[in-house]
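S.K.: predicted model and sequence follow; I will ask about them next.
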Amino acid sequence: MISYKPKNAKVVLILSSFHRNKSIADEEEKKLNVIHYYNKTKTGVDSLDQLIGTYTSKRKVNRWPIALFSNMLDVTTYNVYVIHSEIYTSYNAKLKYKRRIFLAELGESLVSEEIIRRKKVLQCREVAKLSKSLLF
């Protein structure tokens, strides 16, 4: 873990499992090797952020665990979509918004059992109310 201060009011914490020392790559810029490496390889992170930004579950929140959870949810659903697309190559092949349809079906499949359970609970409550009204 390295603490790097590029400007007076800015502090950047860097955590790397690849770089073991904090050597400077360029004396003029005074940037660390780990920063140069990140700048060369960050295109994958930027591309993923752009892709998950299209259909995201993120909301403005003040609690970091909620923000972390929504980011994990977005990345996980994109990974599931990629795996699903590789396995089922003909899945909605002619449609334009395949990922949106996939996310809608995924969400529906995750909550369908809970919706059925709630309907049963509501039906039981209605029967109980009806039986109470008939008794009195």
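M.R.: Everything's here; your move.
S.K.: what's the longest helix in this structure?
M.R.: As assigned by DSSP state H, the longest helix anywhere in the chain is helix 98-135.
S.K.: what residues of it count as buried?
M.R.: Neighbour-count burial for helix 98-135, counted by 16 or more other Cβ atoms under 10 Å, picks out 99, 102-103. To be clear about C-beta, it is placed using only N, CA and C from the backbone, and glycine gets the same treatment.
S.K.: any weak-confidence spans in the chain?
M.R.: The model of the chain has pLDDT under 70 over residues 1-7, 19-30, 133-136.
S.K.: domain ranges for it?
M.R.: Dividing the chain into domains by automatic domain parsing, as the record does, gives the ranges 2-41, 46-135.
S.K.: can you redo the buried residues of helix 98-135 as a markdown table with distance to residue 68?
M.R.: Below are those laid out as a markdown table (distance: Cβ to Cβ, whole Å):
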| residue | distance to residue 68 |
| --- | --- |
| 99 | 23 |
| 102 | 24 |
| 103 | 20 |
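S.K.: what residues are up against residue 9?
M.R.: If you count contacts by Cβ atoms under 8 Å, 6 or more residues apart in numbering, residue 9 has none.
S.K.: got the residue ranges for the helices in the protein?
M.R.: 33-41, 43-54, 64-87, 98-135.
S.K.: so for residue 10, which of these sits nearest?
M.R.: Proximity to residue 10 (Cβ to Cβ) singles out helix 33-41 among the helices of the chain, at 13.0 Å.
S.K.: distance between the closest one and the chain's centre?
M.R.: Averaging C-alpha positions (Cα atoms, centre = their mean, to the nearest Å) puts helix 33-41 24 Å from its chain's average.
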